[in-house]
Structures are given as C-alpha cells and as structure tokens.
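[1] I would like to see how this sequence folds:
(2 chains)
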Amino acid sequence: QSALTQPPSASGSPGQSVTISCTGTSSDVGGYNYVSWYQQHPGKAPKLMIYEVSKRPSGVPERFSGSKSGNTASLTVSGLQAEDEADYYCSSFAGSNNNYVFGTGTTVTVL
Amino acid sequence: EVQLVESGGNLAQPGGSLRLSCAASGFNFNTYSMNWVRQAPGKGLEWVSYISRRSTTIYYADSVKGRFTISRDNAKNSLYLQMNTLRDEDTAVYYCARGAGSGTPASDAFDIWGQGTMVTVSS
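    Numbering: from 1, shown residues only, chains lettered A, B, ... in the order given. All right, here's what the predicted structure looks like:
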C-alpha cells in the first residue's frame, strides 16, 4: 500500500491561509469519508486535528478545516499563527488490504 | 486524564526480538480499538497494526506481517506488540494510538497517542 501524496512543504505569513492536499486512490481517500489529519511538532507525538474529512475534535481551533473531492482531501489552516508551524499528515483506511495509510507529510512554515 | 504510556523500547540485534507495552488510563480501554504506529528517524508516520476492542479483528502492515504480533489485555488496560525477526528498517519510535470512530475499522481516527518508545535495531 503506497503512502498518500502530500506536498513536502507549504508556507504562509501570520494571518494568511495555507492549504495542504492529500491525494490517494479510490481504494482509500476516494472510497471512504474517513480522512483524518494530524499535526506533529518536532520531538512530539502526533495530534488529531481533523477526522471524518471535516470534523474537528474538541479543543482544535476553528481555523483548521478539512474537505474532500474525489481522491484528494485537503486541510486548510486559516489565520496562520506561529504555533501552527509543524508537520502535518493525512490518513485514510485502505480497504483493499485492510490497512491504514498515512500521507508523506507536509512541513508548514510560518514566515 | 486520558493517557497512553509506551515502554519496552531498546537496542536489539538484527534477527532479535522485543516486546512493547502500552498502558492505558483515564478511559474505558475495552471500548476502543488500538493501534501501533511507527516513525523512523527523520521520516513520516507508518501504521503498523490494529486490534479491535475484543481482539476479534487484527490487521498488520505488509512490512511486519508474519514477524509482529499485536495483542491486548483488557483486564490490565494494556496493549502489546511482540516484535520478532527484527530488521534494521524496524528502527523507529513506536507509538500506541487509540482508535475512535463509529464502530468500523474504516471509520477510526487515532485520537489519543502515547509519547512513543524508541526501538533501535543494529549489530
């Protein structure tokens, strides 16, 4: 099972928005409305930011939002803040071989 | 406080074995599926294995199938990963992660993570 494809990096100035894409196939991202997104700061464990494509867990700021179209999911961070600088990973279930697959990861830099 | 604490990481030789443990607290462990996810140094996340609430459904990544065994003891609120025939490429931080969804494996997101335990495979 191949990793989902994400851009290696994205950046924006404070207050701006950044959108990260996550491209899979009809067997994973396109086949389920269960894409999730994780934020990971250096040396820390990942943190769930979005689940079921667009839902936010309690405590996650509203400026984090998710969407999906076909085989591509997206995470948008609006009103960028310094603490948003981190690595972001998408994830989906891959039903063809009962695996979970993560994206390749995107490093977000706040300029 | 909802918490997962991994232990058991260590230096092992290629071909050797290790057993990782994950102690859960602050929630009803037996009502959640659980997973192991690993991250090699400087690399991305890789899902390793899944176990359902009652251990009736178990999945493995192809990279560890036949070498790793996931298990859980709901009476002890604990998750385990028995790692055999270790390879250099198994070197990683291993995280246990709680699965939370609407009842099917496909719906699970990993909503709680431990701090990780380091496994180094080297001669």
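
[2] pLDDT of the helix or strand hosting A:Leu48, averaged?
    For A:Leu48, the enclosing helix or strand under DSSP states H and E is strand A:47-50. Averaged across strand A:47-50, pLDDT comes to 98.

[3] moving C-terminal from it, which element do we reach first?
    Counting by DSSP H and E, what follows strand A:47-50 is strand A:64-69.

[4] for B:Thr91, which residues are in contact?
    Neighbouring residues of B:Thr91 by C-beta atoms under 8 Å, 6 or more residues apart in numbering or on different chains: B:Ala40, B:Pro41, B:Val119, B:Thr120, B:Val121, B:Ser122. Glycine gets a C-beta too; all of them are placed from N, C-alpha and C.

[5] just the ones of those residues in strands?
    If you go by DSSP state E, the contacts of B:Thr91 have B:Val119, B:Thr120, B:Val121 in strands.

[6] which one (most neighbours) among those residues?
    Among those, B:Val119 has the most neighbours (other C-beta atoms under 10 Å in any protein chain shown), with 22 neighbours.

[7] that one and A:Pro57, how far apart?
    Per C-beta to C-beta, to the nearest Å, B:Val119 is found 28 Å from A:Pro57.

[8] and if you look at B:Leu79?
    Counting by C-beta to C-beta, the gap from B:Leu79 to A:Pro57 is 21 Å.

[9] comparing the two, which residue is more hemmed in?
    More crowded of B:Leu79 and A:Pro57, by other C-beta under 10 Å: B:Leu79, with 27 against 16.

[10] which residue sits closest to that one, ignoring its sequence neighbours?
    B:Cys22 (4.0 Å; C-beta to C-beta, 6 or more residues apart in numbering or on different chains).
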